[in-house]
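# one predicted model, sequence on top.
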Amino acid sequence: AQQHNSQLPVGLTALLVEDSSALRMAFRHDLEALGLKVTEAHDGVDALERLMSAQPQFDLVFLDIELPLLSGVQVLSKLRAQGREFPPTIAITSHVFQSNRQSILSYGAKAILSKPVNAQRDILDAIAIALGIAQPSQPQSVAAQEDAATPHPANALERSLHKLIGHLPPSKGKMIL
């Protein structure tokens, strides 16, 4: 954990969107222990309002996918539909099936953490991926294990193509591949 923690920029701000107050409190504790300044949102509408306002700007968003009022995917979809740039987003979900992962990533999430999040290592790896700092050294979460089992392109051109396709709706991505 120290390897990635030393690579993280100092003073990162994060929006934590989680409807469970117990999970939000535990996750906030982990993020603050890693040096992040955390602002909380309790549902999708609250998250969308905070992301649409000019202040404060966030460096990262930790977004639960199963939220009341607006789901995490709906939040990302509304931001994209309005042409809004949004911070690197780390989706948090207990549904880590490959089809769900591809759908979540196609809406703009950069990384996915599986619930329950049990290790700061997983959080650090997700932050490093979302910020483009580094790839995880040891996949530990179910989501990371699925990533490790998925073949990754060998060269930079292929990686770039796969990254671009990941931003498309699944049907368009399949057509292009």
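Looks like it came in fine. Numbers count the residues shown, from 1 in each chain.

# which parts of the chain are strands?
With DSSP state E as the criterion, the chain has strands at 13-17, 37-41, 60-64, 89-93, 111-114.

# so which of the ones you listed comes closest to Gly132?
strand 111-114 (10.5 Å; C-beta to C-beta). C-beta: built from backbone N, CA, C; applies to glycine.

# by contact count, what packs against that closest one?
strand 89-93, helix 98-106, helix 120-131, helix 142-149 (3 or more C-beta pairs under 8 Å, 6 or more residues apart in numbering; DSSP states H and E).

# low pLDDT regions in the protein?
Applying pLDDT under 70 to the chain flags residues 1-7, 54-56, 134-177.

# the same query, at a cut-off of 80, please.
Counting by pLDDT under 80, the chain shows low-confidence ranges at 1-9, 54-56, 84, 95-99, 118-119, 134-177.

# what comes up buried for stretch 105-117?
Buried residues in stretch 105-117, defined by neighbour count with 16 or more other C-beta atoms under 10 Å: 105-115, 117.

# ok so, going back, could I get the helices and strands packed on strand 111-114 in JSON lines, plus columns for distance to Asp59?
Output for the helices and strands packed on strand 111-114, formatted as JSON lines (distance: least, C-beta to C-beta, whole Å):
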{"stretch": "strand 89-93", "distance to Asp59": "11"}
{"stretch": "helix 98-106", "distance to Asp59": "20"}
{"stretch": "helix 120-131", "distance to Asp59": "8"}
{"stretch": "helix 142-149", "distance to Asp59": "21"}
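
# just those: most buried one?
strand 89-93 (a mean of 25; mean count of other C-beta atoms under 10 Å).

# and the angle from it to strand 60-64?
20 degrees (axes from the mean of the first three to the mean of the last three C-alpha atoms, to 10 degrees).
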